[in-house]
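J.: I need the structure of the sequence given here:
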Amino acid sequence: MPGKPLTKAQLVNKLSKDLEMTKVGVNDFLDHLNKIALAETKKAGQFTLPGIGKLVKSHRKARMGRNPQTGEAIKIPAKTVVKFRVAKACKDAIVPPKK
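T.: Sure thing, here's the model as predicted:
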């Protein structure tokens, strides 16, 4: 059974100890990285975090779907979504490929 994921406060504590930085400095860094990632994804369509993955802005076409309660056909409008693509190195480190 996997453990609970790190909260932002726990991540800040761990990074500040490991990198010998202040918690305020680490917190500011994470906030700044977040702002850059959002701005770059919005402007350029993608943002890569080397070794981890990339945020990619993607356009979904309009399509027909079904209301699960009534079975009625409904039109789902086109929209822009953000996807996260995990890097191969990250995926292989977490779940090694079968041989």
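J.: so which residue is smack in the middle of the chain?
T.: Phe84 (4.8 Å; C-alpha atoms, centre = their mean).
J.: ok, His59 to Phe84 distance?
T.: 16 Å (C-beta to C-beta, to the nearest Å). C-beta coordinates here come from the backbone N, C-alpha and C atoms, glycine included.
J.: likewise Thr7?
T.: From Thr7 over to Phe84 the distance is 19 Å, taken as C-beta to C-beta.
J.: can I see the domain layout of the chain?
T.: Following the assignment in automatic domain parsing, the chain carries domains at 1-44, 45-99.
J.: chain center to the last one: distance?
T.: In this case it means domain 45-99. Centre-to-centre, domain 45-99 and its host chain are 10 Å apart (C-alpha atoms, centre = their mean, to the nearest Å).
J.: where does this structure have low pLDDT?
T.: The chain contains residues with pLDDT under 70 at 1.
J.: give me the residues contacting the longest helix along it.
T.: Ranked by number of residues, the top helix in the chain under DSSP state H is helix 23-44. The contact list for helix 23-44 (C-beta atoms under 8 Å, 6 or more residues apart in numbering) reads 8, 11-13, 15-16, 19, 21, 46-47, 49, 55-57, 82.
J.: among those, which lie within helices?
T.: Lys8, Leu11, Val12, Asn13, Leu15, Ser16, Leu19.
J.: please pick the buried ones from the residues you listed.
T.: By neighbour count, with 16 or more other C-beta atoms under 10 Å, the ones in helices among the contacts of helix 23-44 hold Val12, Leu15, Ser16 as buried.
J.: how much space between the spatially closest residue to the second one that is not a sequence neighbour and Lys83?
T.: In space, and not counting its chain neighbours, Leu15 is closest to Val26: 4.6 Å by C-beta to C-beta, 6 or more residues apart in numbering. Taking C-beta to C-beta as the measure, Val26 falls 27 Å from Lys83.
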